[in-house]
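Q: have a look; sequence and predicted model below, questions after that.
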Amino acid sequence: MEQEYRISTFYKFFYGIIALILFGVAILFFNLPKPKTLILLVVPLSFLIISALIIINLIKRKLVIDEKSILCVSLFSKRKLNFSSIKGYRFNGKIIKIEPISETDSILSIGNYTDFENSDDISEWIKKNFKDLDALDLETENQKFLKDSTFGSSESERLEKLKKTKEISIAYNFISGFLAFILLFMDYNISYIILLLLPIIGIILLFSFDLIKFLSNPKRSIYAYIFIGFAVPCFTLLVKTSEFKILNFNNIWLSIGIVFSIMFGLLCFKGINKSVESVIGQIIGMLIVSVLYGFGSVRTINCAFDKSREITYNANVIDQHISSGRHTTYYLKLGTWGPQNKNEDEEVSEKMYNKTKIGDTVNVKYKEGFLKSPWFVITSK
């Protein structure tokens with residue numbers, strides 16, 4: 001007996017509204033009383049194409065289950081697998097991946113399966129009829145671990161070691177993440193020192209415990225991980241030091257490169273977890289946090305620990321504007337001051353932007369930098 005699933009009425013309405021809004025915005029762009037520049041043509045044309053693709057997907061998308069196979073049709077793909085060739089399934093959020101037995105066959109991926117009518121029936125049917133590959137991987141890795149004498153002389157000793165390692169990992173992630181959030185709002189030098197040390201502690205944990213990796217998936221891997229405790233301080237360090245405006249990066253590019261390379265190399269050497277889905281994804285994550293730490297740590301050392309003499313210059317505000325996107329950014333355009341011999345847009349806080357007007361004068365506090373990279377901070381007059 002064949003069972004066909006289509007997108008639910010709610011999601012048809014939801015995606016239909018999005019398509020309608022995009023279509024309306026495109027028409028609005030086309031009718032703007034301005035010269036038809038390239039950007040004014042590309043943007044609305046893109047919106048029209050996207051809205052059309054949404055509607056086509058609403059019409060085409062379906063999941064069909066019959067007595068012998070499962071068929072998934074979406075906007076750009078049509079994939080069918082016979083039950084006899086299915087190895088099992090994996091749930092990854094709202095995505096169901098049905099893996100074939102043969103490595104030459106492609107995975108059947110059901111994206112956003114909750115968009116379908118009676119989506120709970122789909123997930124329950126898959127769980128009932130096929131093997132949970134994540135659970136099998138977890139059990140295989142667990143059995144391999146219990147037989148590995150390098151983690152202890154007995155199973156009980158190995159299990160105890162695994163338990164303690166996970167407790168250490170949980171404690172590190174919680175304490176490091178919590179501290180990083182609190183320290184974001186503190187200006188004492190000790191706060192910068194702690195933020196510099198937290199990722200280093202994560203590296204020490206990687207090298208001290210073979211059962212700790214950079215990332216892990218509890219559904220299919222026994223390994224503990226340090227990602228949260230490592231990434232949050234790196235991000236906080238970059239945000240916290242964003243008020244320090246580097247006038248010249250020439251003297252710190254090498255330092256940033258060295259710190260980044262060391263951190264990235266250490267993470268790759270000890271942090272890769274081959275039990276989780278994507279090694280490439282892990283490397284990209286390591287790359288991102290290493291870049292954050294490289295910039296944040298060097299900027300911290302150069303600016304927060306700078307003991308050089310502070311010089312205050314006056315700068316006129318000659319313009320101001322707001323940049324809106326995923327984040328709203330506020331800019332003041334300052335005239336020349338001290339060693340700055342050209343007009344430049346400088347990012348400031350929302351509070352300072354709102355209390356500053358064009359024609360006002362602001363203070364620019366300038367210092368030479370601990371690493372000899374000049375920097376400054378903009379304050380109200």
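A: Thanks, I have the structure now.

Q: and stretch 181-199, how far out from the chain's middle?
A: 22 Å (CA atoms, centre = their mean, to the nearest Å).

Q: give me the contact list for it.
A: Identification of contacts with stretch 181-199 by CB atoms under 8 Å, 6 or more residues apart in numbering yields 176, 179-180, 229-230, 232-234, 236-237, 239-241, 263, 289, 293, 296-297, 300-301, 304-305. Just so you know, the C-beta spots here come from the backbone N, C-alpha and C atoms, and that holds for glycine as well.

Q: Ile126 contacts Arg90, correct?
A: No: at 10.2 Å, Ile126 does not count as touching Arg90 under the criterion of CB atoms under 8 Å.

Q: quickly list what's touching both of the two.
A: With CB under 8 Å, 6+ apart as the test, Ile126 and Arg90 both reach Ile96.

Q: hang on, the earlier thing: only the buried subset of the contacts of stretch 181-199, as a PyMOL command please.
A: Here is the PyMOL command that selects the buried residues among those (16 or more other CB atoms under 10 Å):
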select buried, resi 176+179+180+229+230+232+233+234+236+237+240+241+263+289+293+296+297+300+301+304
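
Q: the domain parsing of this protein - what is it?
A: Listed by automatic domain parsing, the domain ranges of the chain are 3-131, 142-304, 311-380.

Q: and these, which is most packed in?
A: Among the domains of the chain, domain 142-304 has the highest mean neighbour count (mean count of other CB atoms under 10 Å), at a mean of 18.

Q: in space, not sequence, find me the middle residue of the chain.
A: In the chain, the C-alpha nearest the mean C-alpha coordinate belongs to Gly285, at 7.7 Å (CA atoms, centre = their mean).

Q: rewinding a little: reformat the domains of the chain as TSV; add mean pLDDT.
A: Formatted as TSV, the domains of the chain follow (pLDDT from 0 to 100):
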stretch	mean pLDDT
domain 3-131	87
domain 142-304	93
domain 311-380	87
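
Q: mind naming the longest helix for the chain?
A: Longest helix in the chain, counting residues (DSSP state H): helix 155-183.

Q: what's downstream of that helix, the next helix or strand?
A: helix 189-208 (DSSP states H and E).

Q: in its sheet, what does the helix or strand just after that following helix sit against?
A: Counting by DSSP H and E, the element after helix 189-208 in chain order, helix or strand, is strand 212-213. When sheet partners are counted by DSSP bridges, strand 212-213 sits next to strand 224-225 (parallel).

Q: quick one, helices of this protein?
A: Going by DSSP H, the chain shows helices at 9-30, 38-60, 119-129, 133-146, 155-183, 189-208, 227-240, 253-271, 279-299, 350-354.

Q: of all those helices, which one is nearest Ser84?
A: Evaluated over the helices of the chain, closeness to Ser84 peaks at helix 119-129, with 12.0 Å, by CB to CB.

Q: residues in contact with that closest one?
A: Outside helix 119-129, the residues touching it (CB under 8 Å, 6+ apart) are 5, 8, 63, 65, 83, 89, 91, 96, 98, 110, 113, 116.
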